[in-house]
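Novice: Have a look; sequence and predicted model below, questions after that.
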There are 4 protein chains.
Amino acid sequence: MSYEFKAVRRVEFSETDMAGIVHYSNFFRYMETAEHGFFRSLGHSVVMDQFEPPMGWPRVHAECDYRQPLRFEDEVEIHLLVSGKKSKSLNYLFKFRKLNGPAPVEVARGALTVVCVTKQADGKFTAANIPPAFADQIQVAPHELLA
Amino acid sequence: MSYEFKAVRRVEFSETDMAGIVHYSNFFRYMETAEHGFFRSLGHSVVMDQFEPPMGWPRVHAECDYRQPLRFEDEVEIHLLVSGKKSKSLNYLFKFRKLNGPAPVEVARGALTVVCVTKQADGKFTAANIPPAFADQIQVAPHELLA
Amino acid sequence: MSYEFKAVRRVEFSETDMAGIVHYSNFFRYMETAEHGFFRSLGHSVVMDQFEPPMGWPRVHAECDYRQPLRFEDEVEIHLLVSGKKSKSLNYLFKFRKLNGPAPVEVARGALTVVCVTKQADGKFTAANIPPAFADQIQVAPHELLA
Amino acid sequence: MSYEFKAVRRVEFSETDMAGIVHYSNFFRYMETAEHGFFRSLGHSVVMDQFEPPMGWPRVHAECDYRQPLRFEDEVEIHLLVSGKKSKSLNYLFKFRKLNGPAPVEVARGALTVVCVTKQADGKFTAANIPPAFADQIQVAPHELLA
């Protein structure tokens, strides 16, 4: 049973904007880096094409609170924590910590709600139960970690 | 006095992902398209380099709820509404409507909280009062539009 | 018969980098804006899912020469010219002109070679003849326009 | 003296497009990952703000030839080789190899020409000699590696 995953990225030049900091939309890409690493850590891919029909995980809610900017070449740890688990959906909390500098510091905090869906031949998505082989591997993180 | 702005974009191929839909992070780029158009509609640029020190508008909170996917070549209207106004910050609500198809339909709804800052020579940001020439032009949208 | 298309974009904040200019990779996204507008101007979509198997246009070569930077809120015209046409591939030339400022000025020039392919069920691509309904509509631009 | 650097990335979901492959513009972002890693391997940053005026490395030419697509979660090695060195500019060759799969295979090959510039207070760039402390560390790769 797993409830967390940590990914580390170094900020790329192409992720910055003319304000000299990481563009705020890129934090949502960083969240996915941790989410997909979490899937791989459990032996799965977020692209579940081995199922028929294929399954996927579209987002229904995304948010982020920004405390400090990230800059080029900063090292950032994205700490994913499972904050909710239902039959068809998962909630994630993300803590962003800048690792370089005098001491690690939390620079942002994000959240995602993702829904398990099957993709129909016409491209439509239908909510579906999380496959048991995956659901049985994950659990909600301890309360104190979600504070 | 103004409280809204509408921008229209056509979904680019490069904004889609392998699920065949607009990547969720791009809705946050779409929000900026409307925000910066709103500034221009009032005769300003979001990059306020004419001030000394220069001013900018970093985000402290961003969120989005996704109801239906957008696909390549869809036409999407991004309707910005000012939902809050303080001395140093603004709140925006964004309604995303897909315009092509039988009838326009709301596909997502987003929100931003942005803070007015001055940029110091060392790259640090300090919260600052919104310049009166800009603040006097904007007001919070009527309650019924924010529902 | 058509051999050109012009698209106009305004530079987005999210397209800039910490050097204060449009990130060089975005010129390749701009080229696609003109390419896909060219397809639409002829009544087609670059995503040819109406064929069985579906057809697409992957790139086999891309290049760009940069003369002057583009900055936030610059208006840029992307002028696509068909520079080559074979049974299975097309060549495009792109002239980027900055429209704001004292006089329009060419800031960059790009080129793409794209190949018409069918997409097999296993995701593989196979080169294919350009559908006649599309090929008959396009021709190579006059030599003097390609200089 | 150094003439090469290898970076490895795993393809992110957000780097794919609706064709199910890495969008071609992202290969130019991958090139930068290797370029900036090359700088760091020599104790430098591509953002040379320690100079007065600050120096930078805008691109004047970029190109890429695509042989095979990259897909989600592929591991790609970006092998930078210095292919030319002048007083004010550098040429890089990039070999992209997909590492997962039965055997490593070259999937694309790119090239960049970058110019050393100083950034004036008004934002303009002026070509400048490469700082000796950096120029003395790099040399052109052996001919056989550039084939």
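Specialist: Okay, I see it. Residues are numbered from 1 along each chain as shown, chains lettered A, B, ... in the order given.
Novice: by contact count, what packs against the lengthiest helix in chain A?
Specialist: The residue-count maximum for a helix in chain A (DSSP state H) belongs to helix A:26-41. Judged by 3 or more CB pairs under 8 Å, 6 or more residues apart in numbering or on different chains; DSSP states H and E, helix A:26-41 is in contact with strand A:4-10, strand A:59-66, strand A:75-85, strand A:89-98, strand A:105-115. (Glycine included, C-beta is placed from N, CA and C.)
Novice: Could you rerun that using 10 Å?
Specialist: strand A:4-10, strand A:59-66, strand A:75-85, strand A:89-98, strand A:105-115, helix B:26-41, strand B:59-66, strand D:4-10 (3 or more CB pairs under 10 Å, 6 or more residues apart in numbering or on different chains; DSSP states H and E).
Novice: how many neighbours does A:T16 have?
Specialist: Neighbour count for A:T16, taken as other CB atoms under 10 Å in any protein chain shown: 24.
Novice: so it bridges to which residues?
Specialist: A:V22 (DSSP bridges).
Novice: give me every residue that touches it.
Specialist: By CB atoms under 10 Å, 6 or more residues apart in numbering or on different chains, the contact set of A:T16 is A:22-23, A:26, A:69-73, C:16-19, C:23, D:47.
Novice: how close does it sit to A:P58?
Specialist: In this view, A:T16 and A:P58 are 28 Å apart by CB to CB, to the nearest Å.
Novice: of the contacts of A:T16, closest to B:Q139?
Specialist: Distance to B:Q139 across the contacts of A:T16 (CB to CB) is lowest for A:H23, with 28.5 Å.
Novice: pLDDT score for the residue nearest to the closest one when sequence neighbours are not counted?
Specialist: Distances taken as CB to CB, 6 or more residues apart in numbering or on different chains place A:D17 nearest to A:H23, at 4.4 Å, with adjacent residues excluded. On pLDDT, A:D17 comes in at 96.
Novice: Now the nearest residue to A:K85 once chain neighbours are set aside. Its backbone dihedrals?
Specialist: Nearest non-adjacent residue to A:K85, counting by CB to CB, 6+ apart: A:V140, 5.4 Å away. Backbone torsions of A:V140, given as degrees, to the nearest 10, read phi -70, psi 140.
Novice: Under the pLDDT cut-off, which ranges of chain A? List them.
Specialist: Within chain A, not a single segment meets pLDDT under 70.
Novice: now with 80?
Specialist: A:50, A:122-123 (pLDDT under 80).
Novice: Can you pull the residues of it lying near chain C?
Specialist: A:11-26, A:49, A:71-72, A:123 (CB under 10 Å from any CB of the partner chain).
Novice: From those residues, list the buried ones, please.
Specialist: A:11-26, A:71-72 (16 or more other CB atoms under 10 Å in any protein chain shown).
Novice: how near is A:T126 to chain C?
Specialist: Taking CB to the nearest CB, to the nearest Å as the measure, A:T126 falls 20 Å from chain C.
Novice: Contacts only, for that residue.
Specialist: A:P53, A:V115, A:C116, A:V117, A:T118, A:K119, A:Q120.
Novice: Could I get the phi/psi values of the third one?
Specialist: Backbone geometry at A:C116, expressed as degrees, to the nearest 10, gives phi -80, psi 130.
Novice: Which positions in chain A make contact with chain D?
Specialist: Counting by CB under 10 Å from any CB, the residues of chain A that sit close to chain D are A:9-10, A:12-16, A:20, A:25-26, A:28-30, A:32-33, A:35-37, A:39-40, A:45-47, A:49, A:57, A:71-73.
Novice: picking up where we left off before, quick check: angle from the longest helix of chain A to strand A:59-66?
Specialist: Angle, helix A:26-41 to strand A:59-66, by axes from the mean of the first three to the mean of the last three CA atoms, to 10 degrees: 120 degrees.
Novice: Okay, buried residues for helix A:26-41 please.
Specialist: So for helix A:26-41, counting by 16+ other CB under 10 Å, buried means A:26-39.
Novice: Off-centre distance for that helix?
Specialist: 4 Å (CA atoms, centre = their mean, to the nearest Å).
Novice: Ok, stretch A:118-134 next?
Specialist: 19 Å.
Novice: Enumerate the positions of that stretch that are buried.
Specialist: A:T118, A:K119, A:F125, A:A128, A:I130, A:F134.
Novice: try stretch A:136-143
Specialist: Buried residues in stretch A:136-143 (16+ other CB under 10 Å): A:I138, A:V140, A:A141.
Novice: which one of those is nearest B:L99?
Specialist: Once CB to CB is applied, the member of these that ends up nearest B:L99 is A:I138, at 39.2 Å.
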